[in-house]
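# quick one: sequence and predicted model below, then my questions.
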Amino acid sequence: MRIKIAIFTPASEFTVSQKHTLSQLGEVVYIQKRSALSLPKLLSLAKGADIIAPDPDAFGGFEKASPRLTQVMDVSPHLKGICLSTTSFGWIDLDYCQKRHLPVCNIPGYSRESVAEHTLALLLCLAKRILITDRQTQKGQYQLGMGFELKGKTLGIIGLGNIGSRVAELGQGIGMKVIAYNHSRKHQTGVEAVSLKQLLKRSDAITLHVTHEDKNRNLLGPKEISLMKPGVIIANTADRELIDESTLAKTLKTNHAYGYAYEAEDLINTPLSQCENAIGLKGFGWYTKEALNNLYEIWVDNIVSLARGHPQNRVA
């Protein structure tokens, strides 16, 4: 039986072989170009689909996608499941999918190396004040800012999963002592498992790699932020909602925290926008040739497996 597959990414981003594989499953519709689409356009493309393969860009980005994606799923009564284009699954309403018995498949591990290297680069930029100095220089306000070396410092990793474990290896590679907190105890050579409280008190640098879901929202609230070591630097490539931004902004302005680098869609409507030592970036750490090759191979495999009634890489 031929089915309809709605893919919310341009066809040009898939290889000829991948498009051929998908076409063998049934009718495949793609969007014309990578951009945010209006709700009527989203609904039109998805209407009657058996499989929906969404990308957050088409739905207005991670921070706006969830309600729009739910409306899109509503117009497809015969939907068999969802194949996300990302590792993150916080931008889909999992409760809704569970009620409809819809499997949700994500793409784990495709950008492990890319995001881990990106995270280390952000730590180096914070420790050496590279981006801050560049911004001052571009404004004609250059100042000689004191940095510090990462070698010999303690790196605290929150979330020792796919990416966090690689960041641990990279941290050890440049001579850092690595400690880690994970919801479930994990063992990694050279990494000391500690409580979240111990990590915050001991770390000179902190990176965050936990999943984007409600239970992790405000993981670092006012109480946790107050425990951080003076002069700490923090890199967050996971989810801005992990940290109470108002409290962190106050901590940055007093220089108790030396610097914070984070990724988000909206970099203006946040108290961090007024902090010179907060580096806000649009998310692009995953955007490398190698990671994208991995992504599309896994994405197509997920779609094919779901179409055959054997969904893989299911989000629990």
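Perfect, thanks for sending it.
# show me where the stretch 151-300 of the chain has its helices.
162-173, 196-202, 222-226, 245-253, 289-307 (DSSP state H, counting those that start in this stretch).
# buried deepest among those, which one?
helix 162-173 (a mean of 20; mean count of other Cβ atoms under 10 Å). Where you see a C-beta, it was placed from the backbone N, CA and C, and this is true even at glycine.
# sorry, back to before: looking at the helices of the stretch 151-300 of the chain, spot the one closest to Asp57.
Checking those against Asp57 by Cβ to Cβ gives helix 289-307 as the closest, at 13.2 Å.
# wait, Ile52 sits on Met73?
Yes - between Ile52 and Met73 there is a contact at 6.6 Å, judged by Cβ atoms under 8 Å.
# who's more crowded, the two?
Ile52 (27 against 21; other Cβ atoms under 10 Å).
# enumerate every residue touching that one.
Ile52 makes contact with Ile5, Ala6, Phe8, Ala46, Val72, Met73, Ser76, Leu79, Ile82, Cys83 under the criterion Cβ atoms under 8 Å, 6 or more residues apart in numbering.
# neighbours around the fifth one, how many?
So that's Val72. 26.
# now do the SS call for it.
helix (DSSP: H, G, I helix; E, B strand; the rest coil).
# how close does it get to Ser88?
18 Å (Cβ to Cβ, to the nearest Å).
# for the fourth one, same thing?
If you measure Ala46 against Ser88 using Cβ to Cβ, the figure is 20 Å.
# domain-wise, how is the chain divided?
3-109+289-307, 112-281 (automatic domain parsing).
# quick one: distance of the last one to the chain centre.
On the basis of Cα atoms, centre = their mean, to the nearest Å, the separation between the geometric centre of domain 112-281 and that of its chain is 14 Å.
# got the end-to-end distance for it?
Terminal residues of domain 112-281 lie 19 Å apart, using Cα to Cα, to the nearest Å.
# so where do the strands sit in the stretch 101-250 of the chain?
For the stretch 101-250 of the chain, strands defined by DSSP state E, counting those that start in this stretch occupy the ranges 104-105, 154-158, 177-181, 191-193, 205-208, 232-236.
# same for the third one, what does it pack against?
Applying 3 or more Cβ pairs under 8 Å, 6 or more residues apart in numbering; DSSP states H and E, we find strand 177-181 packed against strand 154-158, helix 162-173, strand 191-193, helix 196-202.
# tell me the pLDDT of the one residue sitting closest to the centre of the chain.
For the chain, Ala238 is the residue whose C-alpha lies nearest the centre (Cα atoms, centre = their mean; 4.2 Å). Ala238 is assigned 92 on the pLDDT scale.
# go on, Asp74?
93.
# what about it, how many neighbours?
13.
# can I get the domains of the chain in a markdown table with distance to Val315?
As requested, the domains of the chain are exported to a markdown table (distance: least, Cβ to Cβ, whole Å):
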| stretch | distance to Val315 |
| --- | --- |
| domain 3-109+289-307 | 5 |
| domain 112-281 | 9 |
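# tell me which of those lies nearest to Ala316.
Going by Cβ to Cβ, the one of the domains of the chain nearest Ala316 is domain 3-109+289-307, 9.1 Å.
# distance between that closest one and the chain's centre?
Between the mean C-alpha location of domain 3-109+289-307 and the chain-wide mean there is a distance of 17 Å, by Cα atoms, centre = their mean.
# could you tell me the end-to-end distance of it?
End-to-end distance for domain 3-109+289-307, by Cα to Cα: 8 Å.
# ditto for stretch 249-258
11 Å.
# got the contact list for that stretch?
Stretch 249-258 has contacts (Cβ under 8 Å, 6+ apart) with 126, 225, 228, 230-234, 248, 259-260, 270-272, 274-275, 277-278.
# make a PyMOL selection of the buried ones in the residues you listed.
In PyMOL syntax, the buried subset of the contacts of stretch 249-258 is picked out as below (16 or more other Cβ atoms under 10 Å):
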select buried, resi 126+225+228+232+233+234+248+259+260+270+271+272+275+277+278
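# OK, contacts around His209?
Thr119, Ile157, Ile158, Gly159, Leu160, Gly161, Ile163, Gly164, Val167, Thr237, Ala238 are the contacts of His209 under Cβ under 8 Å, 6+ apart.
# try 10 Å this time
With contact taken as Cβ atoms under 10 Å, 6 or more residues apart in numbering, His209 is in contact with 115-116, 119, 157-168, 180, 182, 235-239, 242.
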